[in-house]
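Novice: Pasting the sequence and the predicted coordinates here, then a few questions.
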Amino acid sequence: FSFVNQNGKAITQRDVEGKVYVAEYFFTTCKGICPKMNANMVILQNTFFGNPNFGIVSITIDPLHDTPEALKQYAKRVGAKSSNWNFLTGDKETIYNLSNKGFNIYVGENSKVNGGFEHSGLFALIDKNGNIRCRKDDFGNPILYYDGLEKQGVRDIQQDIAILLKE
């Protein structure tokens, strides 16, 4: 991928190579789940603050509205302080393809819902090799993504980030 962050800097896959990072999809005018998701991202930011091998990638699904300047204001509003937390914007088709086909995390437009966009509250955990990592449920089945809205999901991803940082 190649997007632009809140500081107007191009961010590509190379910028996250060799790092453990969490990815999410959101939009700055969201009044639904995005504020809760990003409050939970702040918890992750604070837990691993200062670790150069950890990052957060928050990709907007409303790139027409969410310019680098809008993302910068949003980052400040939600308490993003880490230089390793990138709020990204770019080509809408590229963003939607990356989400829906790359991460397999649904995003879409829907004029019938509040805000005009639909997306999940899931966080994806990416290891140092660029692979999506997960944990298993009690039956050994993979749980591919972490619930970015619930405390248990945040605790689970915190534990797994710590493990991946040691690999």
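Specialist: Now that the structure is in, tell me what you want to look at. Numbers count the residues shown, from 1 in each chain.
Novice: Please enumerate the helices of the protein.
Specialist: Under the criterion DSSP state H, the chain contains helices at 34-47, 68-78, 92-97, 151-166.
Novice: per-residue confidence at the residue sitting furthest away from the middle of the chain?
Specialist: Of all residues in the chain, Phe139 has its C-alpha farthest from the mean position, at 27.5 Å, by C-alpha atoms, centre = their mean. What the model reports as pLDDT for Phe139 is 93.
Novice: ok, it to Gly90 distance?
Specialist: For Phe139, the distance to Gly90 equals 39 Å [C-beta to C-beta, to the nearest Å]. For the C-beta atoms, the positions are set from N, CA and C on the backbone; glycine is no exception.
Novice: One more: Gln13?
Specialist: 13 Å.
Novice: Which neighbours do those two have in common?
Specialist: Taking C-beta atoms under 8 Å, 6 or more residues apart in numbering as the criterion, Gln13 and Gly90 both touch Phe1, Ser2.
Novice: quick one: which of the two has more around it?
Specialist: Gly90 (19 against 9; other C-beta atoms under 10 Å).
Novice: Next up, the contacts around the spatially closest residue to that one that is not a sequence neighbour.
Specialist: Excluding its sequence neighbours, the residue lying closest to Gly90 (C-beta to C-beta, 6 or more residues apart in numbering) is Phe3, at 3.8 Å. Applying C-beta under 8 Å, 6+ apart to Phe3 gives the contacts Ala10, Ile11, Thr12, Ile59, Leu88, Thr89, Gly90, Thr94, Ile95.
Novice: so Phe3 bridges to which residues?
Specialist: Listed beta-bridge partners, Phe3: Ile11 (assigned using DSSP bridges).
Novice: For it, report the pLDDT, please.
Specialist: Phe3 is given a pLDDT of 98.
Novice: One more: Val113?
Specialist: Per-residue pLDDT puts Val113 at 78.
Novice: What is the burial count for it?
Specialist: Neighbours around Val113, by other C-beta under 10 Å: 11.
Novice: ok, now Asp160?
Specialist: 18.
Novice: which residues does it contact?
Specialist: Neighbour list for Asp160: Leu125, Arg133, Arg135, Tyr146 [criterion: C-beta under 8 Å, 6+ apart].
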